[in-house]
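> Make a model of this:
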Amino acid sequence: MNIFLDANICLDLLDTKRPTSKASVDWYMKQKDDVSLNFFFSSDFITTFYYILTQKRKYDDTKVIESIDALSFEINPFYLLHSDFVNAKSDFFSELFKDFEDLMILNSAVRAECTIFVTNDKELLKLGKFKGMELSVPSI
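The predicted model follows:
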């Protein structure tokens, strides 16, 4: 089974001082060794992780790069394609959901054949499903 992790979940794994970190870390640690599961995150998030952790949280840049590298070793970065943009544009104009950036990521997760998209984003969670993919919080 393929599982896509939203940026907020990955940030929880990288920065354990975040309020939602404990639940995300506990969930991931329980799941990560299951060989039937493949984990993905958007490669587009890498620059966001670096910016937030070094500029906003003031963590050491070398340690942040090392942490992102370790995360990328365990969780597969999945690269955006133009088709993700095209599909997000269609979804946006059909009024399915009005957060274009999230629509790009959701469409890439569908392309990665993910059955679950794990997030703490309350607006995304209201969708319940996106093109057959379940939207879920990290829960044990």
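> neighbours around residue 108, how many?
Residues within reach of residue 108, counting by other C-beta atoms under 10 Å, total 25. Placement of C-beta: from N, CA and C, glycine included.
> for the one 3 residues further on, same thing?
Look at residue 111: counted by other C-beta under 10 Å, it has 15 neighbours.
> okay but residue 99 is in contact with residue 123, surely?
Yes: with contact defined as C-beta atoms under 8 Å, residue 99 and residue 123 form a contacting pair (6.8 Å).
> Look at these two and report which has more neighbours.
Neighbour totals were compared for residue 99 and residue 123, and residue 99 leads with 14 against 11 (other C-beta under 10 Å).
> So the more buried one versus residue 4, what's the distance?
Using C-beta to C-beta, to the nearest Å, residue 99 is found at 16 Å from residue 4.
> and residue 75, what pLDDT?
On the pLDDT scale, residue 75 is placed at 97.
> Apologies, that question was intended for residue 96.
On the pLDDT scale, residue 96 gets 82.
> Contacts only, for the closest residue to it other than its chain neighbours.
Nearest non-adjacent residue to residue 96, counting by C-beta to C-beta, 6 or more residues apart in numbering: residue 103, 7.6 Å away. Residue 103 sits next to 87-88, 91-92, 96-97 when contact means C-beta atoms under 8 Å, 6 or more residues apart in numbering.
> quick one: which of those is most hemmed in?
residue 88 (23 neighbours).
> Isn't that one up against residue 109?
No: contact status for residue 88 versus residue 109: not in contact, 11.5 Å apart, counting by C-beta under 8 Å.
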